[in-house]
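**Q** Need coordinates for the below:
(one chain, ligands or ions: 2)
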Amino acid sequence: MFSFARRQISGQFLKLGKNFSFSSANNAKVAVLGASGGIGQPFSLLLKLNPHITQLALYDIVHTPGVAADLSHCSTNAVVTGHMGPEQLKDALTGCDVVTIPAGVPRKPGMTRDDLFNTNASIVRDLANACAKYCPKAMICVIANPVNSTVPITCEVFKAHGVFDPRRIFGVTTLDIVRANTFIAQAKGLDVAHFNCPVVGGHSGITIIPLISQCNPPVSFPQEERAAITTRIQNAGTEVVEAKAGAGSATLSMAFAADKFVTSLLQALSGEDGVVECAFVASEETEAKYFSTPLLLGKNGVEKNLGLGKLSEFEIGLVKNAIPELQKNIKKGEEFLLKNPVQN
Ligand SMILES: NC(=O)C1=CN([C@@H]2O[C@H](COP(=O)(O)OP(=O)(O)OC[C@H]3O[C@@H](n4cnc5c(N)ncnc54)[C@H](O)[C@@H]3O)[C@@H](O)[C@H]2O)C=CC1
Ligand SMILES: O=C([O-])CC(=O)C(=O)O
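**A** Residues are numbered from 1 along each chain as shown. Ligands and ions are numbered 1, 2, ... in the order given. Here you go, the predicted structure:
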C-alpha cells in the first residue's frame, strides 16, 4: 500500500458548476475496484473531485501505483491510496463507506452482456467476498456486467457471510437514466440538466425500461417515435460497443453516470433529504427478486423503494416482457454461487 499526503483546500468546492460546502459528515472513504480500467480511471478522477470523499482507495490487479501517483497530484482534498493484487485488497477495503466495482471484462461487437458472465462472475464473487469480510457495512455499487447476474452473486456472497443487508447493495444502472435523459431532452429541445426520465427493470436489452410516461417535465411522443426512442435507450450500450469496434464499451459516459450515482449516495449518507436514484436492488416490487426502481436513499442506503408508479399500457407490456429474462439472469447468478461457493 502506498499513500500520498493529504492536501488541504479550504472553503467551498466547485464541482460541475455546483457548490458544495464541507461539513463533518463529508468524510467518506470510497474504493474503486478495477481502478486502472477504461471506466476505473475517469471515474476515479471524478471521485477525486468530490468534496464528500477524504480517502479514495484505488484497487486493481495491474497499474494502480501509476494511476494513484498520477491522481494524487490533483489539488483536491481526497487522499489517494493505490493497492495492487489480492494481498492489498484488505487495506483498500477496511473502513470503506462506499465500494464501487467496475472490475471485469467489457463486451466486443457481437457479444451480449450475458456473454461476459463466465469471466466476470468469479471476479465479482471474489471481490464481494473481500467486501463482506473487510467492510460488511459499506454501500456496494456493482458496475461489472452482466449487472442482472452480478448483483445477485454479490448478495449471495453477503448472505453466505451472514452480513446481507438489501439496503446496501446496488447494481448501477444510472447510465440508462443518463442516456434516456440525453436522448429525450435532445428530441424535445429541452434542457437536459433539468430533465428526468426514470428507467426501471434491469441492465440489458429488453430489461431496460424507460418510463417515458413519468418524465419530468412531461413529454409525449407519437406511438412509433416512442417505440423507436425506447429501443435506442435499450440498445445504447451496443451502439457504443459497435462504434468502439473492438476497443471496449462505454467508459466515459459510465464514469459520468457512476459518479452521479455515488455523489447521490454520499449526499444521502451525509444526511441530505429527498435524494432519489434508480438502481437494481433486491426488490419485492415485481415477480423478479431484483428490479430497478426509483429509490429514496438515506443514511443506511435504500430508505424506501418508491416502486413503479403508474405505468402506461406500453410500459406495462415492457415490464411483462422483461420479467422472464430478468428471472433467468438472476437465477444464473444465484446458481453460480451454489456451484462455485466462496472460499472464506
Ligand atoms: N453498469 C453499467 O452500466 C456498465 C457496466 N460496464 C461494465 O464494467 C466493466 C468494466 O469495463 P471497462 O472498465 O471498460 O473494462 P476494462 O477492461 O477497461 O477495465 C477493467 C479493469 O478491471 C481490472 N480487473 C480485472 N480483474 C480484476 C480483479 N479480479 N480485481 C480487480 N480488478 C480487476 C482490469 O485489470 C482492468 O483494469 C465491464 O464488465 C463492463 O461490461 C460498462 C459500461 C456500463
Ligand atoms: O453495453 C455494454 O456492454 C456496457 C454497458 O453495460 C453499457 O454501456 O450500458
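**Q** burial of the one residue in the stretch 151-300 of the chain that gets nearest to ligand 2, as a residue count?
**A** For the stretch 151-300 of the chain, the residue closest to ligand 2 is G237, as judged by Cβ to the nearest ligand atom, at 2.3 Å. Placement of C-beta: from N, CA and C, glycine included. Under the neighbour criterion other Cβ atoms under 10 Å, G237 is assigned a count of 25.
**Q** which residue packs closest to F256, ignoring adjacent ones?
**A** Using Cβ to Cβ, 6 or more residues apart in numbering and skipping residues adjacent in sequence, the residue nearest F256 is V178, 6.6 Å away.
**Q** Pull out the buried residues from the stretch of helix or strand that neighbour belongs to.
**A** Secondary structure assignment for V178, by DSSP states H and E: helix 174-188. Within helix 174-188, the residues that qualify as buried by neighbour count (16 or more other Cβ atoms under 10 Å) are T174, L175, D176, I177, V178, R179, A180, N181, T182, F183, I184, A185.
**Q** Throw these into TSV and include pLDDT, thanks.
**A** Formatted as TSV, the buried residues of helix 174-188 follow (pLDDT from 0 to 100):
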residue	pLDDT
T174	98
L175	98
D176	98
I177	98
V178	98
R179	98
A180	98
N181	98
T182	98
F183	98
I184	98
A185	98
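**Q** Which ones, among the residues you listed, also lie beside ligand 2?
**A** With Cβ under 6 Å from any ligand atom as the criterion, the buried residues of helix 174-188 include L175 near ligand 2.
**Q** tell me how far the lengthiest helix in the chain is from the chain's mean position?
**A** Among all segments of the chain classified by DSSP state H, the helix with the greatest residue count is helix 313-339. Taking Cα atoms, centre = their mean, to the nearest Å, one finds helix 313-339 lying 19 Å from the centre of the chain it belongs to.
**Q** And stretch 244-264, by the same measure?
**A** Relative to the chain's own centre, stretch 244-264 is displaced by 9 Å; criterion: Cα atoms, centre = their mean.
**Q** Give me the buried positions along that stretch.
**A** Across stretch 244-264, burial judged by 16+ other Cβ under 10 Å covers 244, 248-251, 253-264.
**Q** What ranges does the stretch 201-344 of the chain have for its strands?
**A** 208-210, 275-282, 290-298, 301-305 (DSSP state E, counting those that start in this stretch).
**Q** Redo those strands as a markdown table? Include mean pLDDT, mean neighbour count and distance to ligand 2.
**A** What follows is these, written out as a markdown table (pLDDT from 0 to 100; neighbours: other Cβ atoms under 10 Å; distance: least, Cβ to the nearest ligand atom, whole Å):
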| stretch | mean pLDDT | mean neighbour count | distance to ligand 2 |
| --- | --- | --- | --- |
| strand 208-210 | 98 | 26 | 8 |
| strand 275-282 | 98 | 22 | 12 |
| strand 290-298 | 98 | 24 | 13 |
| strand 301-305 | 98 | 18 | 22 |
